[in-house]
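In: Sequence and predicted structure, then a few things I'm wondering about:
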Amino acid sequence: AQKITQTQPGMFVQEKEAVTLDCTYDTSDQSYGLFWYKQPSSGEMIFLIYQGSYDEQNATEGRYSLNFQKARKSANLVISASQLGDSAMYFCAMRVHYSGGGADGLTFGKGTHLIIQP
Amino acid sequence: DSGVTQTPKHLITATGQRVTLRCSPRSGDLSVYWYQQSLDQGLQFLIHYYNGEERAKGNILERFSAQQFPDLHSELNLSSLELGDSALYFCASSVSSDSVQETQYFGPGTRLLVL
């Protein structure tokens, strides 16, 4: 069974600094997708960035980038130049194929609560 | 705004009751997924429907059921409710079914409180 581990329950970061949120994953599948979502205090889940297991380049989306190290099974999210509005819960998630050949639902980590301080 | 809509936003009910949560996917999306977010269990995948057919099941209780209608909206039915069913229930949608690369877009959620 697949598993996502986020080891940082909470982080405090100064505004304008870069921040790295850790994510390690465990799966025996060769083909999988890795996703990061942001959940502000209002509760909605906002998609941030995606990385495919066969992608050779690290994904980037604006201020978000993904430090993908396949051999270490890690997919850390990097937020550059953090802003007060970045304060939120951040979830790492993975999707793999199930034995019947279709794709399973997302498996989520427990999340990291990021607080940006002025 | 993800384009996924969920109703109602909030629901308060009593133990033993039955409720129905509704979800409309983004225009053009054929897949609907249901997730439960609770303090105890975190975010858990419940069930996936694609174009009206069940495709995958996660940690969905037998007291819970879902369906997807011809117009692609989906309903999640929760029955014999217990205090522990109190949670935020998300619906998500995506274009297709079996690609691990495809992004799922989440609705705003329905917050259920069982008293």
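Out: Structure's in. What do you need?
In: Who are the contact partners of the residue nearest to B:Ser99 when sequence neighbours are not counted?
Out: Using Cβ to Cβ, 6 or more residues apart in numbering or on different chains and skipping residues adjacent in sequence, the residue nearest B:Ser99 is A:Ala103, 6.2 Å away. C-beta coordinates here come from the backbone N, C-alpha and C atoms, glycine included. A:Ala103 makes contact with A:Arg95, A:Val96, A:His97, B:Ala56, B:Ser97, B:Asp98, B:Ser99, B:Val100, B:Glu102 under the criterion Cβ atoms under 8 Å, 6 or more residues apart in numbering or on different chains.
In: Run through the bridge partners of the first one.
Out: The reference is to A:Arg95. When assigned by DSSP bridges, A:Arg95 has beta-bridge partners A:Gly33.
In: What residues are bridge-paired with the residue nearest to B:Ser99?
Out: Beta-bridge pairing for A:Ala103 (DSSP bridges): A:His97.
In: Look through chain B and state the residue closest to chain A.
Out: Chain A sits closest to B:Phe45 of chain B, with a gap of 2.9 Å, by Cβ to the nearest Cβ.
In: Now do the contacts for that residue.
Out: B:Phe45 makes contacts with A:Asp104, A:Gly105, A:Leu106, A:Thr107, B:Tyr33, B:Trp34, B:Tyr35, B:Ala56, B:Gly58, B:Asn59, as judged by Cβ under 8 Å, 6+ apart.
In: picking that back up, name the nearest of the contacts of A:Ala103 relative to A:Ile115.
Out: For those, the minimum distance to A:Ile115 (Cβ to Cβ) is 28.5 Å, reached by A:Arg95.
In: I figured the closest one was touching A:Thr27, is that so?
Out: No: applying Cβ atoms under 8 Å, one finds A:Arg95 not in contact with A:Thr27, separated by 9.8 Å.
In: Flag the shaky bits of chain B, pLDDT-wise.
Out: Within chain B, no stretch has pLDDT under 70.
In: quick revisit: compare A:Arg95 and A:Thr27 (neighbour count), which wins?
Out: Using other Cβ atoms under 10 Å in any protein chain shown, the more surrounded residue of A:Arg95 and A:Thr27 is A:Arg95, with 26 against 19.
In: near chain B, which residues of chain A?
Out: With Cβ under 8 Å from any Cβ of the partner chain as the criterion, chain A meets chain B at residues A:29, A:31-33, A:35, A:37, A:43-47, A:50, A:52-53, A:91, A:93, A:95-98, A:101-111.
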